[in-house]
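**Student:** have a look; sequence and predicted model below, questions after that.
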Amino acid sequence: MFRRNNSEGSDSEREKSLHKVPEHDVPTPSIPSQRYSPPTTDWQRVNWQERFQHLAENAHDPRLKKFYQAGLDAGITDANMPISEVPMMVLDFETTGLNAAEHGILSIGAIPMNLHRISQQQARMWLAKPRRNLPAESIVIHGITHSQIQQAPDFIDILEEVLEFLAGRLLIVHYQGIERPFLAAAIEERIGERIEFPVIDTMHLEARLHRQKQLTLWQRFRGAKPVSIRLADSRTRYGLPWYHPHDAITDALATGELLQAQIAHHYSPNTTIGELWS
Amino acid sequence: MEAEHIEVLEFIRQYSPFTELPEEELAVAAQSIEVGYFKAGSQILEHNQQVADLHIIRSGAVEVFHRTGELYNRLSDGGFFAEAGLLRNGRVRYPAHAIEDTLIYFLPGELFNRFYDEYEEFADAVETEDRQRLKRAMRRNQNANDLMSVTIEHLISREPVSISADASIREAAEKMTNEEVSSLLIFDELVSTDEDALPSGVITDKDLRKRVLAVGLADSTPVREVMSTGLVFVEHNQRVFEAMLIMLRRNLHHLPVLKKNRTIGVLSLSDVVRHESKNSLFVVSSIFRQNSIEELATLVPDVQASFVRMVNEDANSRMIGSSMAVIGRSFKQRLLELGEEKFGPPPVPYCFLALGSMARDEQSVVTDQDNAMVLHDSFDPEQHDEYFRQLAQFVSDGLDACGYTYCTGYIMATNPEWRQPLKVWQEYFTRWVDDPTPEALLHASIFFDLEGVWGEIDYAKLLNELVQRKAKRSNRFLAFMARNALNRTPPLGFFKDFVMEKDGKHNNSINIKRRGTAPLADLIRVHSLAIGSRARNSFARLEDVMDANILPPGRGPDLRDALELISMVRIRHQALAIEQGEKPDNNVAPENLSDFERKNLKDAFQILSSAQRYMRFRYPPGAT
């Protein structure tokens, strides 16, 4: 079982205990282990308004068409939209590994939110049975039993429901290197078409604050370490409580709260989504 | 698939009022909660804005204010607010703002109101009418009050020791010596498996002396032949005083105690005597048997033990306060008796006065001595004062040795100012009442709780009557007394492990006398002087004040409950210190208070605070 909270590479004992995957199952991490690096595709330069308009017309799959159209209707592609007015959805996946090309989605947690409230009442959770690299029987995934996974539907069977639920809301994640490629890969594998969307990445927002400057040689000599931008460490900086990690709903909630805190401290309700997404 | 909100659920279930909800409702609550973040310094609720949710603090700290801008409460993790608005008109009553970065869980108001209506315990825990809660708490407490309620079981400290009826007297004597008991239960056949068997007799020290040694029986004689039969059993849940009556009536010293038809021990007369020796009346009678200051000082542990015992037996503050006052008074009386033996009879008649808490019958175990002497008008300082000076010094030193420390304000008969003839005292009181100044009254309030404890106690009566007559007619005097009664204020409540003050400052502990019982007694005294009450005890004064109808409706009973609660917290705090071998004091640290005490203390402080506001309104500062 693999989770990417650990993109900093410095495993705590607690997290080590979760990595019960045999060595050979561990993929070559596509995530840099020492330093956060910005996303490979320059999503920030995409004109989402035009892109969604194009995709709403040209996507083949009707479910995708609907997804793009709903995004346009809700205005989540308008870079000038203030963050306080945009409907959002905080999203978290649990996966079998870190590489979207090799691993699959196990569970999806999604909670609708806006700048002021995160709504538990409307939260949804799905389990999915990955096609490849199923965890060995002995592995009990955090909060999910092996038999639950065995009985879970294939992603294709929940695709429509998931897309309808996510549609019309700006997606919020902590580290876009998971949800974005895994959702795209899962859909492409099943219907032969990729999905694209803007996200606000709370880890990227933290990186902007703490990773703009490289540590000087002197600082490194003095043993200074870069500030951790992992979810739990980031939350601590805003006075947010510690939550048990590795449950899709809890991690989604934790991410949503982090976004509210980041906006309260470093931005304003009038900050446009164009300044925040990536 | 329905999402499970484990983190939220596990959080709310730890905190009142959610602890009162069944499991399925907790899940409903967790599922319905919304979450929001507030940066330190930001406003969470404005006065009178619409409010639709109960606000629960997940992490951080929040201040809640009165509409006047006065701090009302400060809350941290697990605290909740906005309930008052939800239960009334859906508008915010107390504005709130975040003093630390704060994460709020919002529980929908509809759900909150449903829980409130359907679960009485939930409603009790939420209860916004602080007075209601305190009243209920005090009522529950009073049900447990019964000084006569100690059961026999309470005194049984060991399993009974027994022997077979066929054993020899010698074996019995050896067993009694080895086990260090004064009696043995005798069983016909000692079958340990048959627990229901009742003993057929008992043999005691006294039996061995009278029936064996005195008549020269051989020590090989079986105990059967000398044991007492026709045992009188008592049940474990009978009261100790019932057992005492049985012993007296039947002239028995040992009673086997039954529980579910099994003998669980033997109650002996000495157990009862030992128990009763911690009784305050017993302490009083031994005070009068001591013949020197040194001997009197040896009774201090007994005084403390009787105090602890009353606390453990759930006596109320009035019983404890008056018992301790009786003990204190007895020390004074015995010391004066001894002093008159030492220095000879007094040259002129005099009255020794007790002042303050002793006169009010509200003494605690931590107290200094406040006393004075009223001398006959024929008193001639040149001739007589040396005698009274020596006597006053003797009593004062004696009291100090017995745990009543010297008064730091020097209000003692050793001070010549407070050792004066009756006519001078009458002048004092006349001046205080007719021509008051705030400074003069600042230290004089203690003289308005006055009692004669020795000698010509009519002098004390004359002074009390003078005050009673004059005070109620002097608005100026009452206004100054009222102003002084407002000098000491209660804290706002508690925050984390601190005492929170109205200006938002934190303290590690609270002097519960200075901030609680004393300002309450001051306040009640002013009202009681205003109506010319003769009572001195604060509870009795309050009853008179209530009868006179000078307080807004409901305030009298509130004050009574507040006084009882604060007094009991103070008393329990001191009893605990004594039990732990520490020196009892008045400084209570919040970390040593139970949740129940904190909540109710806070309510009591608010009642005191609003009573002080009323007093300020009743005697406005400008009027003097």
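**Tutor:** Yep, it's here. Small disclaimer: the values here were computed from a predicted structure and weren't measured.
**Student:** a helix runs through B:Gly230, doesn't it?
**Tutor:** No: assignment of B:Gly230 by DSSP: H, G, I helix; E, B strand; the rest coil gives coil, placing it outside any helix.
**Student:** buried residues in the longest helix seen in chain A?
**Tutor:** Secondary structure of chain A per DSSP state H: the longest helix is helix A:248-266. By neighbour count on 16 or more other Cβ atoms under 10 Å in any protein chain shown, the buried set for helix A:248-266 is A:248-264. Using the backbone N, CA and C atoms, a C-beta is placed for each residue, glycine as well.
**Student:** any idea which helix or strand comes after it?
**Tutor:** helix A:273-276 (DSSP states H and E).
**Student:** with just CA atoms, put stretch B:407-422 into PDB.
**Tutor:** Extracted C-alpha coordinates of stretch B:407-422, given in PDB (Å, rounded to 0.1, in the frame of the first residue of the first chain):
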ATOM      1  CA  CYS B 407      -4.800  38.700  62.700                       C
ATOM      2  CA  THR B 408      -2.700  40.500  60.200                       C
ATOM      3  CA  GLY B 409      -5.000  43.500  60.400                       C
ATOM      4  CA  TYR B 410      -4.400  43.600  64.200                       C
ATOM      5  CA  ILE B 411      -8.100  43.200  65.000                       C
ATOM      6  CA  MET B 412      -7.500  41.500  68.300                       C
ATOM      7  CA  ALA B 413      -8.100  42.300  71.900                       C
ATOM      8  CA  THR B 414      -4.400  42.800  72.300                       C
ATOM      9  CA  ASN B 415      -4.800  46.000  70.300                       C
ATOM     10  CA  PRO B 416      -5.700  48.700  72.900                       C
ATOM     11  CA  GLU B 417      -8.100  50.300  70.300                       C
ATOM     12  CA  TRP B 418     -10.200  47.100  70.400                       C
ATOM     13  CA  ARG B 419     -10.000  46.700  74.200                       C
ATOM     14  CA  GLN B 420     -12.300  49.500  75.400                       C
ATOM     15  CA  PRO B 421     -15.300  50.100  77.700                       C
ATOM     16  CA  LEU B 422     -18.800  49.700  76.400                       C
END
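**Student:** next, name the residue at the spatial heart of chain A.
**Tutor:** Taking Cα atoms, centre = their mean, the centroid of chain A lies closest to A:Val173, which sits 3.4 Å from it.
**Student:** leaving out chain neighbours, which residue sits closest to whatever residue of chain A ends up closest to chain B?
**Tutor:** As assessed by Cβ to the nearest Cβ, chain B sits closest to A:Gly239 within chain A, at 3.3 Å. Closest residue to A:Gly239 apart from its sequence neighbours, by Cβ to Cβ, 6 or more residues apart in numbering or on different chains: B:Asp101 at 3.3 Å.
**Student:** how about the residues of chain B near chain A?
**Tutor:** Residues of chain B lying near chain A by Cβ under 8 Å from any Cβ of the partner chain: B:1-8, B:30-40, B:42, B:58-60, B:100-103, B:106.
**Student:** could you list which of those belong to strands?
**Tutor:** B:34-38, B:58-59, B:102-103, B:106 (DSSP state E).
**Student:** just the buried ones from the residues you listed?
**Tutor:** Buried, going by 16+ other Cβ under 10 Å: B:34-38, B:58-59, B:102-103, B:106, out of these.
**Student:** those: which two are farthest apart?
**Tutor:** Farthest-apart pair in these is B:Glu34 and B:Ser59; separation 15.8 Å (Cβ to Cβ).
**Student:** got a list of what the closest residue to the residue nearest to the centre of chain A other than its chain neighbours touches?
**Tutor:** If the residues on either side of it in the chain are set aside, A:Val173 comes closest to A:Glu179, at 4.6 Å by Cβ to Cβ, 6+ apart. Residues near A:Glu179 by Cβ atoms under 8 Å, 6 or more residues apart in numbering or on different chains: A:91-93, A:171, A:173, A:199.
**Student:** same thing but at 10 Å, please
**Tutor:** The neighbours of A:Glu179, taking Cβ atoms under 10 Å, 6 or more residues apart in numbering or on different chains as the test, are A:91-93, A:95, A:100, A:105, A:108, A:110, A:171-173, A:197, A:199, A:201.
**Student:** can you check B:Val569 too?
**Tutor:** So B:Val569 contacts B:317, B:510, B:512, B:516-517, B:588, B:593-594, B:597-598, B:600-601, B:604 (Cβ under 10 Å, 6+ apart).
**Student:** so it, which of the three states?
**Tutor:** Strictly by three-state DSSP, B:Val569 counts as helix.
**Student:** the closest residue to B:Ile578 other than its chain neighbours: neighbouring residues, count only.
**Tutor:** Leaving out its chain neighbours, the residue that sits closest to B:Ile578 by Cβ to Cβ, 6+ apart is B:Gln304, at 4.9 Å. Burial of B:Gln304 is recorded as 20 neighbouring residues (other Cβ atoms under 10 Å in any protein chain shown).
**Student:** by contact count, what packs against the host helix or strand of B:Gln304?
**Tutor:** B:Gln304 belongs to helix B:300-312 when assigned by DSSP H and E. If you count contacts as 3 or more Cβ pairs under 10 Å, 6 or more residues apart in numbering or on different chains; DSSP states H and E, helix B:300-312 packs onto helix B:280-287, helix B:317-343, helix B:555-579.
**Student:** any chance of TSV for those helices, columns mean pLDDT and distance to B:Val545?
**Tutor:** Shown next, in TSV, are these (pLDDT from 0 to 100; distance: least, Cβ to Cβ, whole Å):
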stretch	mean pLDDT	distance to B:Val545
helix B:280-287	78	28
helix B:317-343	91	16
helix B:555-579	91	6
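**Student:** picking up where we left off before, residues near the residue of chain A closest to chain B, how many?
**Tutor:** Considering only other Cβ under 10 Å, A:Gly239 is surrounded by 19 other residues.
**Student:** shouldn't A:Glu85 be in contact with A:Pro269?
**Tutor:** Yes: proximity of A:Glu85 to A:Pro269 meets the contact threshold set by Cβ atoms under 10 Å, at 8.5 Å.
**Student:** overlap in contacts of these two?
**Tutor:** Taking Cβ under 10 Å, 6+ apart as the contact rule, A:Glu85 and A:Pro269 both touch A:Leu115.
**Student:** how distant is stretch B:298-316 from the center of its chain?
**Tutor:** In terms of Cα atoms, centre = their mean, to the nearest Å, the centre of stretch B:298-316 is set 11 Å apart from its chain centre.
**Student:** show me which residues of that stretch are buried.
**Tutor:** Buried, per 16+ other Cβ under 10 Å, within stretch B:298-316: B:299, B:302-311, B:313-316.
**Student:** export that stretch to CSV, keeping only CA atoms.
**Tutor:** Taking Å, rounded to 0.1, in the frame of the first residue of the first chain, the C-alpha atoms of stretch B:298-316 are listed here in CSV:
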residue,chain,number,x,y,z
THR,B,298,-2.5,18.8,70.9
LEU,B,299,-6.2,18.8,69.8
VAL,B,300,-5.4,20.4,66.5
PRO,B,301,-5.3,17.1,64.6
ASP,B,302,-8.7,16.1,66.2
VAL,B,303,-10.2,19.4,65.0
GLN,B,304,-8.9,18.7,61.5
ALA,B,305,-10.1,15.1,61.6
SER,B,306,-13.6,16.1,62.6
PHE,B,307,-13.6,18.7,59.7
VAL,B,308,-12.5,16.0,57.2
ARG,B,309,-15.1,13.6,58.5
MET,B,310,-17.9,16.1,58.1
VAL,B,311,-16.8,16.7,54.5
ASN,B,312,-16.7,13.0,53.8
GLU,B,313,-20.1,12.5,55.3
ASP,B,314,-21.5,15.1,52.9
ALA,B,315,-22.4,17.6,55.6
ASN,B,316,-23.4,21.0,54.0
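**Student:** understood, closing this out.
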